[in-house]
Structure formats: C-alpha cells, structure tokens
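Undergrad: Please find the sequence and the predicted model below.
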Amino acid sequence: MRSRQYGPDLTPPWKKTAPAPEVPAERDLVVEEAATGFCGAVVRCERTAEGHTVTLEDRFGKHRVFPLVPRGFLLEGRTVTLVRPSGPAPARTPARTASGSVAVPGARARVARESRIYVEGRHDAELVERVWGDDLRIEGVVVEYLEGIDDLPAIVAEFAPGPERRLGVLVDHLLPGTKEHRIAGQAGGPHVLVVGHPYIDVWQAVKPSSVGIPAWPAVPRGEDWKTGTCRRLGWPEDTPAAWKRILSKVDSYRDLEPELLGKVEELIDFVTLPGQE
C-alpha cells in the first residue's frame, strides 16, 4: 500500500530537488562551471569516449573542457543542465579563428616575443600554423621545428630559457617508457614546458573522418610508419604528397583529436603568461 504523502520512492516532497532547467549549449553562451567556478563562453560541444563535453573560453582566451552533467553549470546565477544544441550551429558571432578563438578583424601581427614554441618536424609546424596561425601572430609567438628531439637537452640549454624567455616544446609519441619520455624528462625546467601527444606521428592527430578514412592503419614496429600508412591506405608511397592531402582536409580544430588540441593550447598559454614581452 503506497503512502499518499511519500509516493512510490518514499521521499518526502519537501526533500526532493527540483530538476534544473535544460539549456542548449549554444556557441558564445556564457556560463559558470559549478564545481570549479570557471566562467567562459561556449566554444564547442563534442562527443568523446567518456561522454559529451563542452569547451568554455574565458575572457583571457583560456579553454577548459567539462563534461555535460546534470546541474553542472550556472547561468546568470541559476543552476542549469547544459545539453547539446539541436540542429546546425548558428552563424558564428563573433567570428572565430580556425582554433576556435575569437577573431580580431584587422589586427596586426605582434612583434615576436623572445619566448618560443618548438615542435619536432615540419609537418607538426605546418599543422599548428594551419589551426593556430592567426592566434600565434596576434600573440607574437614563433613556432620552430627541430627535425627530431634527440638533442633536445642541448637545444634547450642553448636557448637559455628565463622568466621573460619561456620555451614550450611539443613532442610526438610522448608515452611513459619511451625514448621521447626519457629525453623530455632531461629537458625540463622552471621556464620550460615539454608536453606531448600519444601518436607515433602528427598525421594521426588529424581525425580519420576528416581525411575520409575509417581509421589510421596499424603499421608493424620497424617499418617506416608514413610509408607503411600510405601502402595500407592504397595511396602512392609519396609521403610529401600524402601530407599535402591530409593537411588540405584540415579546416579548423574540429578536424583534430583532443589529445593534440589541449597540448598546443597549453603551450600557447605557457609562453604568453602575463609579463611576457
């Protein structure tokens, strides 16, 4: 026999929490994440292996990614549940760069800072330029490539990092136990930030769906990865041509994997800390 007062779950009505209103996470909607207090405008919503997420950008241009959970955000002081917007995204207002940052029409490139970002190879540099080029020019950040990181500790020492001369380094295949992980550990310092993505080559940081393939193929250890990839995809074994094909498919951050996006943005934040000129 059910109680009229308590209902089927035996919870008193005055103890029940009213559901938070659902609000579509439309681009440029400004919200506050309830747990951390991070406040920013919606940049994008994505579906990941862990569930749906929303990326917020604060007034300094910093990005943070949060899960879309019930009652997870505040909108004008009210607790709300953000949900993925339905239908196509509205026109971008204000306009945004390929990285998702707010565009600054007519802005001139800033005089280059002493701080730098180093990447392993030319393909890494070209991919960073394609997506973050506008932001880097406004911030005055120069990206250089190293042709590998075997001599990274000596390169860092020669650069002579300091409080006004920071160095960020992006490393391919930075996983525990790898050669890259050992070298990166030797090159760190208070004014140096070495981060990396898990991919064997930066090609893999481009989403397969953007390239028009189901997945990046597995290439046996000991075989040249790029040549083996071309062979298994049925492409001519011409890696420069293959890279041009891949790069032409990248229009914005949406074409890149989150593991690369977060690391590049972390490096840009590091070398553009307040006081860096």
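TA: That came through, no problem.

Undergrad: what's the longest strand anywhere in the chain packed up against?
TA: Longest strand in the chain, counting residues (DSSP state E): strand 39-48. With contacts defined as 3 or more C-beta pairs under 8 Å, 6 or more residues apart in numbering; DSSP states H and E, strand 39-48 has these neighbours: strand 30-33, strand 51-57, strand 63-67. In short, each C-beta sits where N, CA and C put it, glycine included.

Undergrad: tell me the angle of the second one relative to strand 39-48?
TA: Going back to what we said before, that points to strand 51-57. Counting by axes from the mean of the first three to the mean of the last three C-alpha atoms, to 10 degrees, strand 51-57 lies at 150 degrees to strand 39-48.

Undergrad: Name the surrounding residues that touch strand 51-57.
TA: 25, 31, 33, 38-47, 63-68, 82, 84, 100-102 (C-beta atoms under 8 Å, 6 or more residues apart in numbering).

Undergrad: do the same with the last one
TA: With C-beta under 8 Å, 6+ apart as the test, strand 63-67 has contacts from 33, 36, 38, 40, 43, 50-58, 72-73, 100, 258, 262, 265.

Undergrad: Show me what counts as buried in it.
TA: Under the neighbour-count criterion of 16 or more other C-beta atoms under 10 Å, strand 63-67 has 63-64, 66 buried.

Undergrad: Likewise for the longest one?
TA: By neighbour count, with 16+ other C-beta under 10 Å as the criterion, the buried positions of strand 51-57 are 53-57.

Undergrad: Check stretch 220-230 too.
TA: 225-226, 228-230.

Undergrad: What of stretch 259-275?
TA: So, applying 16+ other C-beta under 10 Å, buried residues of stretch 259-275: 260-265, 267-268, 270-272.

Undergrad: So which of these are in helices?
TA: Judged by DSSP state H, the subset of the buried residues of stretch 259-275 located in helices is 260-265, 267-268, 270-271.

Undergrad: What pLDDT does the model give the residue nearest to residue 265 when sequence neighbours are not counted?
TA: With C-beta to C-beta, 6 or more residues apart in numbering as the criterion, residue 265 has its nearest non-adjacent residue at 5.4 Å, and that residue is residue 63. Per-residue confidence (pLDDT) for residue 63: 89.

Undergrad: Ok, the one 5 residues further on next?
TA: Confidence per residue is given as pLDDT, and for residue 68 that number is 92.

Undergrad: Report the contact partners of the spatially closest residue to residue 219 that is not a sequence neighbour.
TA: Spatial nearest neighbour of residue 219, excluding adjacent residues (C-beta to C-beta, 6+ apart): residue 228 at 3.6 Å. The contact partners of residue 228, by C-beta under 8 Å, 6+ apart, come to 217, 219-220.
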